[in-house]
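# 3D model of this:
(2 chains)
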Amino acid sequence: MENRGITFGYGFLTQESSFDVQFSLIEYDGSHSYFRAYLVGLLNTILVSVIGIIFATIIGVVVGIARLSSNYLIERTAAIYVEFFRNIPLLLQIFFWYFAALRALPLPEKAEPIFGVFFLTIKGFFVPAFVWNNLDIFIYSVIAAIIAIVFVRLYAKKKQENQGIQTPVLSISIGLLIILPLLSFFLGGVDASVEIPVIEQLSKTSFTFKGGLKLPPELISLALALSLYTATFIAECVRAGVQGVSKGQKEAAASIGLTPNQVLKLVVMPQALRIIIPPTTNQYLNLTKNSSLAAAIAYPDLVLVFAGTALMQTGRAIEIVSITMLTYLTLSITISIFMNWYNKKIAIKEK
Amino acid sequence: MNKLNILSPDKNNLYAYLYSGISLFFISILIVFLNSFFSLNLTSFLPGTISYFLPLIIGFIGLHLIRIEYSGIKFLDIINKNINTNKFNALLSLLIIFAVIKSLPPLLSWFIIDANFAGDSKDACSGSGACWAYIKTWFNRFMYGMYPNAEQWRINLSFIALAFLGGVGFFATEKFKKYLTLYYVIIYPIIAFLFIFFFISGGPIFFDFSYGIIAAVISIIIGFFIPSKFKMYYFLIIPITIYILLKYVFFYEELIELGKIQAFEWVETGAWGGLSLTFIVSFFCLIFCFPVGLFLSLGRRSDLPIIKYISIGFIEFWRGVPLITVLFMSSVMFPMFLPEDMFIDKLVRVIIAISLFEAAYVAEVIRGGLQALPRGQYDAAKSLGMGYWKMHIFVILPQALKLVIPGIANTFLALVKDTPLIFVVGLLEIVGMLNLAKTNPEWLGFAMEGYVFASIVFFIICYAMSKYSYNLEQKYKTER
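Purely as a prediction, here's the structure:
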């Protein structure tokens, strides 16, 4: 290394980066430091991972349950979806959505509004945004609701252990989660108005939308591909989990007089979750790592911004690649340590 | 004749319900079918929304009428059991049937009816359907990348020969079956390497590695005649001796001259590409990642702390980082640690990187199998006086590997699906070639066709692999 004239050091992180990033959650331009560029990339990675995880979970659970359906057509449809989407490389799917499917969308001036407020165009997905007054009070109310729910759960558990009486925790929780934030609207002076995107002419042939929130096509195609791809694996996890609960458990639960809902909630789900959660977390991890494919379609994630642009500019390959790898490594190891702890907690205690 | 109760169909008026129900069901399907295939709206006299939902309502009533348990008619019972168990299921079934009928015409017209098959330029594709002429024109590039057209027979011939040699196992007689493992693990990869190096790449006949291969082959052949007592020492010493003898004593002067001769035109790895590169990369990564993963998994369960923690660190490191950063590392970071005059080919670096990456996953899968074996197996093997290696080779691994066939197959599938990522270092396999073709100014606007084509290719490969692994799993399944 020395004889190639390469120096080693992390001092460059505080230097001015002088490059711009298209899409950023925090304020960023060329005058900020490389470290801030790193943060921008990291936040974008986290954003697309979280969106992907949410949708992958929803699709995965629905498809996983559909695969267990007694209805032949539903079962086949779900099976075809799973077989098809998981046998095609993720990169190919990302390219497909970005270069083929989303390119077929209309230009901003020709876009048809969906429900009058959403605009799906080739330049991105424009959605209405909320403009908040006193947002902090609203957030406090949500936090208060969550804390209240925790207490309700503890109380309900204690009550069941002592008296054997069940409390409808779920409906109370949902109620709390709705009522407390609602109160903040009426009493706390919280106010939200909706800003609808409006078309605006930039030049003779160029249009765009002003106001509202813009989701760039890179983010949409990446999130779409990631969630559709990972959902197939989650669906298989869910299916394996529910099938893993032996039939005798359900029959035994029914024979002691539990209703079908109680059988599902108190007997099947706790056992199925024990099988489902570890591989599903693995899939979440995979999704997060796969989000690095964003570099292929120029979504400014950690790899593209930091290991791409910043590396090209500074030429500090060793430092930058090592920081990038360490970031992902920290992320995975944290989650796997948490998973091991969780696994130990829910594992069947054998004497 | 009993009274007909429309809300609860029963067996007494079976045929009345059956005929009315089935006719309603078919009417609803007919409406959707005519609407979708011939854009003929039978119910246009009704208001828009009702007309839109009418088939659903009619079909739903139809299915409701034929929902009669234990009717005694076999066909009806099968239908009821599979698509019509309750109202919710009936609705979903109808929705799926209608969705399929609705989506067939556009798909058919895009894929076949309006598609262009003939022609060799963009002008041939004027229709609204797919432009398969694009795939036809670029097919050569999608398969072979930038490999010179005149030399492509070398790739074809190598692949056919390797496929034939790989299929030897199916034709082997009982007498040769015991050598099959040796063949597949050691000899076949070497043959494959030689084919690819000399034939596809057009490398010089003798280079440093050739001595090693000749030494290995000679020592294996002699090895069959060595008593098993000395085999261990033999394999430690002899190959190196033969290698040194070959290189520095016997043929040195002559081979230096020979080494400059190339049988075929040299095609550098940068020009390789397309589906053939996908196969080459997947093949070598598959071969390398399995043994490395096996040793890592054994290392992780080792009693020696150093080996154990090195293995754990290695596995967790590779599993924690995305493949794309590993490839970045191999392309920008790795060369800095090499001596100035040393150069390792891009393709080789990529294969090493992917192999190490997937090896970590293979190791975890195999560890699962090792952990699943009961302790009794280890104890029994030890009580027979077996050592560590003997115990693992003859008792533990055969059982553990059998258990993890699905997991290993999944890892291999992931490996094949990860190969497109080599675009990071500038190697263009089939997806990379698609992106290149897409930007060709004479063929703009056919991204969809290209991606659909590649999807089908990958689907066939991966689906075949997963079915094969399923067969393998069934074949080696033993009652426990």
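# Give me every residue in the stretch 51-200 of chain B that's in contact range of chain A.
Residues of the stretch 51-200 of chain B lying close to chain A (CB under 8 Å from any CB of the partner chain) are B:K81, B:N82, B:I83, B:T85, B:N89, B:L92, B:S93, B:I96, B:I97. All C-beta atoms are positioned from the backbone trio N, CA, C, and that covers glycine.
# go again using 6 Å as the cut-off
Residues of the stretch 51-200 of chain B lying close to chain A (CB under 6 Å from any CB of the partner chain) are B:N82, B:I83, B:T85, B:N89, B:L92, B:S93, B:I96.
# Max pairwise distance over these: which two?
Across those, the longest distance by CB to CB is 14.4 Å; it joins B:T85 and B:I96.
# so where's the stretch 251-400 of chain B shaky on pLDDT?
Scanning the stretch 251-400 of chain B for pLDDT under 70 picks out B:251-263, B:341.
# And the helices in it, which stretches?
All helices of the stretch 251-400 of chain B, identified by DSSP state H, counting those that start in this stretch, fall at B:252-258, B:274-300, B:305-320, B:323-328, B:346-372, B:375-383, B:388-391, B:397-403.
# Out of the residues of the stretch 51-200 of chain B next to chain A, which end up buried?
B:N82, B:I83, B:T85, B:N89, B:L92, B:S93, B:I96 (16 or more other CB atoms under 10 Å in any protein chain shown).
# what mean pLDDT does stretch B:414-425 have?
Computed over stretch B:414-425, the mean pLDDT rounds to 90.
# Quote the end-to-end distance of that stretch.
Stretch B:414-425 has an end-to-end distance of 19 Å (CA to CA, to the nearest Å).
# Using JSON lines, lay out the residues of the stretch 51-200 of chain B next to chain A together with pLDDT.
Formatted as JSON lines, these follow (pLDDT from 0 to 100):
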{"residue": "B:N82", "pLDDT": "83"}
{"residue": "B:I83", "pLDDT": "83"}
{"residue": "B:T85", "pLDDT": "81"}
{"residue": "B:N89", "pLDDT": "86"}
{"residue": "B:L92", "pLDDT": "90"}
{"residue": "B:S93", "pLDDT": "90"}
{"residue": "B:I96", "pLDDT": "92"}
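# Distance of B:Y183 relative to chain A?
From B:Y183 across to chain A, the span is 30 Å (CB to the nearest CB, to the nearest Å).
# three-state assignment of that residue?
Following DSSP: H, G, I helix; E, B strand; the rest coil, B:Y183 is assigned to helix.
# Which residues of chain A lie near chain B?
For chain A, the residues in contact with chain B (CB under 6 Å from any CB) are A:1, A:70-74, A:77, A:87-89, A:91-92, A:96, A:99-100, A:289, A:292, A:303, A:307, A:317-318, A:321, A:324-325, A:328-329, A:332-333.
# got the buried residues for stretch A:319-327?
Going by neighbour count (16+ other CB under 10 Å), the buried part of stretch A:319-327 is A:E319, A:I320, A:V321, A:S322, A:I323, A:T324, A:M325, A:T327.
# Quick one: distance of whichever strand or helix holds the fifth one to the chain centre.
Under the criterion of DSSP states H and E, A:I323 resides in helix A:317-346. Distance of helix A:317-346 from its chain centroid, counting by CA atoms, centre = their mean, to the nearest Å, is 17 Å.
# Check which helices and strands it sits against.
With contacts taken as 3 or more CB pairs under 6 Å, 6 or more residues apart in numbering or on different chains; DSSP states H and E, helix A:317-346 sits against helix A:269-290, helix B:305-320, helix B:323-328.
# just to revisit the earlier point, only the buried subset of the residues of chain A next to chain B, as a ChimeraX command please.
Buried members of those, defined by 16+ other CB under 10 Å, are picked up in ChimeraX with:
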select /A:71,72,73,74,77,87,88,89,91,92,96,99,100,289,292,303,307,317,321,324,325,328,329,332
